[in-house]
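**Student:** Sequence plus the predicted model coming up.
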Amino acid sequence: MKKTYINPTFFKGWKNAAAMLALFATASVGSAQAQEGSQGNTTIFGSAQMTFFGNHNLLTPAGGTQPGVILTERGTATISYLNYSGNNLTASGVTDASYVDGYVRKYGTGQFIFPVGDNGFAGQFAASADGTSGAYFHADATTAVTTNLFTGTNYPALPSGGPFPTTSVAAGVGTVSKVEYWDIDGATATPITLTWDAGSDITTLTASTLAKLTIVGWNPGTSKWEAIASAVDVTSVLGGPSALAEGSITSTASVVPNTYTAYTFASVGTIDLTPQLIRPIGTSFTVGQTSEGVLRLTNLKPNPSTGVVSVFLELGDGFELTVDPAATTSASIAVTNSQWTITDFGGGSFQFESKPGTIVAASGQVNLGYKIKATGAVTATGIITATIINQTGGAVPVTGDDNDNNNVAVKILSITL
């Protein structure tokens, strides 16, 4: 096993820079087979950098002033980096005792799991784009303050633009983590993966429902935490299945890291949909009479629906139910049938399912149109029922409508002379 240890004094003066270049050239020879190792006790001082050209193993600490830890400067004006240069590199052996306390940067292609940590806690993240860098902060983003190991005091709020109050959230975001956050930087779009362990307390954050977990980013333009479309990885990037105690979550689309100033975990904001049969107003029909109806879906929460909303409309014997997918008005009320996939199951039963991009706005409503016709005998009665499918409307099925007590609306119709 090839071990590379860097003396901190290399980073002072032009002579030291030349020495580093010579070291880099040596390390890059046969890099496909090289395995570099470190046991910590390494400091990369302000505005400097150190580079590994092969896979790297953070070995079990064996004493010293900062065992297991490679330290870089976090301060914005004097930030320093540990670089990994090469394609598909790995940094293994990361634990709460062995990590990079500060900023790591990757050069090359392929997903890389950044071996970052802070104050005795590992907090790895993953990205793929060349030039991506980042650091982990084991701190509440509301204060955004962590220890400066160079001085023994605390840094001011980091990164620049902080702090990032966890109560300042955009629509769709529930509770933001107060345990940790990441500064991830880069100008090239990349999938972003965050990892957690028991200390992240995902159980409390999501009320023990892992599917409610999402990545959020601090938007400097709005000064709010915004939900980033993401999904829990079935198999964590660190190995093993994702569960409440440990795992990983990845953005479902590539993100330009510089879009957001900081990243962390949050629970998705809950929604509460309820149906109303607001038309027809009357409930008494004569044989052969036709009337236009309106089904209204109201969102009672200040969070928009983020996933598919599904609702069934059914009409009992004595009446005929029809739906025009292209209808724009019904009973003189604007409806949005074209934004829904409408399925006729026969026997007076239809399903409305929202198309991609269709939402029920925070504290908003949508209207759907239909027609009913009295076809039975005099004195016949029929029941029209609208039912929102339980847990509908969320990013995944179980993160939608949590209140199942108001998901049904019923209207009884009758046929008279």
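**Tutor:** Yep, it's here. Residues are numbered from 1 along each chain as shown.
**Student:** Lys371 and Phe319 touch, don't they?
**Tutor:** No - look at Lys371 against Phe319 with C-beta atoms under 8 Å: they stay out of range, at 10.3 Å. In this view, the C-beta of every residue, glycine as well, is placed from N, C-alpha and C.
**Student:** the more surrounded of these two?
**Tutor:** Per other C-beta atoms under 10 Å, whichever of Lys371 and Phe319 has more neighbours is Phe319, with 23 against 17.
**Student:** For that one, give the beta-bridge partners.
**Tutor:** Phe319 forms beta bridges with Ala374, as assigned by DSSP bridges.
**Student:** Give the full set of residues in contact with it.
**Tutor:** Residues in contact with Phe319 (C-beta atoms under 8 Å, 6 or more residues apart in numbering) are Phe285, Gly348, Ile372, Lys373, Ala374, Thr375, Gly376, Gly382, Ile384, Leu413.
**Student:** So which of those residues is the closest to Asn87?
**Tutor:** Ranked by distance to Asn87 (C-beta to C-beta), these are led by Gly348 at 60.4 Å.
**Student:** In this structure that closest one contacts Phe312, no?
**Tutor:** No - using C-beta under 8 Å as the test, Gly348 is too far from Phe312 to be in contact (10.9 Å).
**Student:** so what's the closest residue to Val94 other than its chain neighbours up against?
**Tutor:** Using C-beta to C-beta, 6 or more residues apart in numbering and skipping residues adjacent in sequence, the residue nearest Val94 is Pro115, 4.5 Å away. Counting by C-beta under 8 Å, 6+ apart, Pro115 touches His56, Leu58, Ala91, Val94, Tyr99, Val100, Val104, Ala122, Gln124.
**Student:** and the fifth one, what pLDDT?
**Tutor:** The predicted local distance difference test score for Tyr99 is 97.
**Student:** count of residues packed around it?
**Tutor:** Neighbour count of Tyr99, defined by other C-beta under 10 Å: 27.
**Student:** bridging residues for it?
**Tutor:** Counting by DSSP bridges, Tyr99 is bridged to Val69.
**Student:** can you pull the contacts of it?
**Tutor:** By C-beta under 8 Å, 6+ apart, Tyr99 lies in contact with Leu58, Gly68, Val69, Ile70, Pro115, Val116, Gly117, Ala122.
**Student:** Rebuild those residues as CSV, extending it with distance to Thr250.
**Tutor:** Below are these laid out as CSV (distance: C-beta to C-beta, whole Å):
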residue, distance to Thr250
Leu58, 23
Gly68, 27
Val69, 27
Ile70, 26
Pro115, 18
Val116, 17
Gly117, 20
Ala122, 18
